[in-house]
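Engineer: quick one: sequence and predicted model below, then my questions.
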Amino acid sequence: MFTATARYYDALYAERDFEGEAHAVLELAGRHVPEPRSLLDAACATGGHLVHFARRLGAGAVVGFDLDPALVGLAQAKLPDVRIERADLASFELGRRFDVVTCLYGSIAYAVTPERLRAAVGCLARHLAPGGVLALDPFWMRAEDVAPLNVRHVVRGRLQIARLGRAVVRDGVAELEIHYLVGEQPVEPGAPPRIEHLAELHRCGVFSRADHEDALRAAGLEVHHEPRGPVGRGLFLGVAPR
């Protein structure tokens with residue numbers, strides 16, 4: 001996944017409103033769990049949302065995990081008092097249940113197949129306390145939403161990053177080949193700028209609304225859908241029985 005670019009993750013996504021998104025998720029989940037005392041952030045990346053969840057609930061009340069070891073290391077450095085694990089979305093076991101479980105910014109798409117989607121949602125649901133809420137943020141829900149080419153230019157401090165992504169959808173799976181050209185201004189006067197080329201391949205499932213809802217119901221959760229959600233793509237809420 002982000003094996004080549006983990007160290008640039010925060011620069012690439014610096015424009016996102018992690019605080020606002022975390023607040024919005026807690027507000028929506030709060031309709032079902034008014035005063036959550038514990039939260040699990042699945043596929044937490046470098047901890048952008050987890051920082052704000054920890055501020056709201058307390059460092060000891062939140063846990064995060066991600067599959068990418070480099071992202072886990074960066075998140076742990078950012079949040080030394082929070083438990084952050086390396087784990088697979090579809091097979092993890094933390095030995096603890098939570099009032100709220102989140103899987104945000106389309107990370108559920110990395111389940112790739114409908115079978116692994118069900119496995120992942122089932123695993124997330126098993127970590128819910130009675131009456132707890134799973135907040136699931138989708139990525140694409142139609143093949144036509146996948147842009148064949150995507151270009152971004154990021155300027156962050158001494159860094160400039162040009163990102164060009166190419167996507168092909170086959171049998172419900174989007175294969176994203178992403179190239180990065182990273183330029184960095186040197187600290188030392190007179191030293192030449194550094195330029196680096198990096199590339200990654202990401203495979204993401206294009207899951208429909210029905211796919212998400214079927215997986216939530218199969219996990220024994222009551223399904224709710226918020227049309228906008230934290231980033232405008234909608235948010236699925238699965239409520240565990242009491």
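Structural biologist: Arrived safely, thanks for sending. Every value quoted in this text rests on a predicted model; they were computed, and no experiment measured them.
Engineer: for the residue of the chain most remote from its centre, list the residues it contacts.
Structural biologist: Centroid-distance maximum for the chain: Gly190 at 39.9 Å, with Cα atoms, centre = their mean. Gly190 makes no contacts at all, as judged by Cβ atoms under 8 Å, 6 or more residues apart in numbering. (Each C-beta comes from the backbone N, C-alpha and C, glycine too.)
Engineer: same question, Leu104
Structural biologist: Shown in contact with Leu104 (Cβ under 8 Å, 6+ apart): Glu21, Val25, Asp41, Ala43, His49, Ala135, Asp137, Pro230.
Engineer: do that again at 10 Å, thanks
Structural biologist: Applying Cβ atoms under 10 Å, 6 or more residues apart in numbering to Leu104 gives the contacts 18, 21-22, 25, 41-45, 48-50, 135-137, 229-231, 235.
Engineer: one more: Pro138?
Structural biologist: Neighbour list for Pro138: 103, 105-109, 206-209, 211-212, 225, 229, 233-236 [criterion: Cβ under 10 Å, 6+ apart].
Engineer: pretty sure it sits in a helix.
Structural biologist: No: counting by DSSP: H, G, I helix; E, B strand; the rest coil, Pro138 is not found in a helix; it is coil.
Engineer: now for the strand or helix carrying Ala22, which elements pack on it?
Structural biologist: Here Ala22 sits within helix 18-29, counting by DSSP states H and E. Applying 3 or more Cβ pairs under 10 Å, 6 or more residues apart in numbering; DSSP states H and E, we find helix 18-29 packed against strand 39-42, helix 48-57, strand 98-103, strand 128-136, strand 222-226, strand 235-239.
Engineer: what sits against Lys78?
Structural biologist: Lys78 touches Asp10, Thr46, Gly47, Gly48, Leu50, Val51, Ala54, Ile84, counting by Cβ under 10 Å, 6+ apart.
Engineer: my guess is the fourth one meets Tyr13, correct?
Structural biologist: Yes: at 6.9 Å, Gly48 and Tyr13 qualify as touching, with contact defined as Cβ atoms under 10 Å.
Engineer: need the residues touching each of the two.
Structural biologist: Common neighbours of Gly48 and Tyr13 (Cβ under 10 Å, 6+ apart) are Tyr105.
Engineer: who's more crowded, these two?
Structural biologist: Gly48 (23 against 14; other Cβ atoms under 10 Å).
Engineer: how close does the more buried one sit to Leu216?
Structural biologist: According to Cβ to Cβ, to the nearest Å, Gly48 stands 24 Å off from Leu216.
Engineer: do Ala11 as well
Structural biologist: 34 Å.
Engineer: do the same with Thr46
Structural biologist: Thr46 sits 27 Å away from Leu216, going by Cβ to Cβ.
Engineer: still on that earlier bit, so which of the helices and strands packed on helix 18-29 is the most packed in?
Structural biologist: strand 39-42 (a mean of 28; mean count of other Cβ atoms under 10 Å).
Engineer: now do that one: distance to the chain's middle.
Structural biologist: 10 Å (Cα atoms, centre = their mean, to the nearest Å).
Engineer: can you list the strands that it pairs with?
Structural biologist: Sheet pairing for strand 39-42, assigned by DSSP bridges, gives strand 62-66 (parallel), strand 98-103 (parallel).
Engineer: for the ones you listed, which one sits closest to Val33?
Structural biologist: strand 98-103 (5.0 Å; Cβ to Cβ).
Engineer: what about that closest one, average pLDDT?
Structural biologist: Across strand 98-103, pLDDT averages out at 98.
Engineer: again, but for stretch 3-12
Structural biologist: 94.
Engineer: that stretch: end-to-end distance?
Structural biologist: 14 Å (Cα to Cα, to the nearest Å).
Engineer: what residues of it count as buried?
Structural biologist: Ala4, Thr5, Ala6, Tyr8, Tyr9, Asp10, Ala11, Leu12 (16 or more other Cβ atoms under 10 Å).
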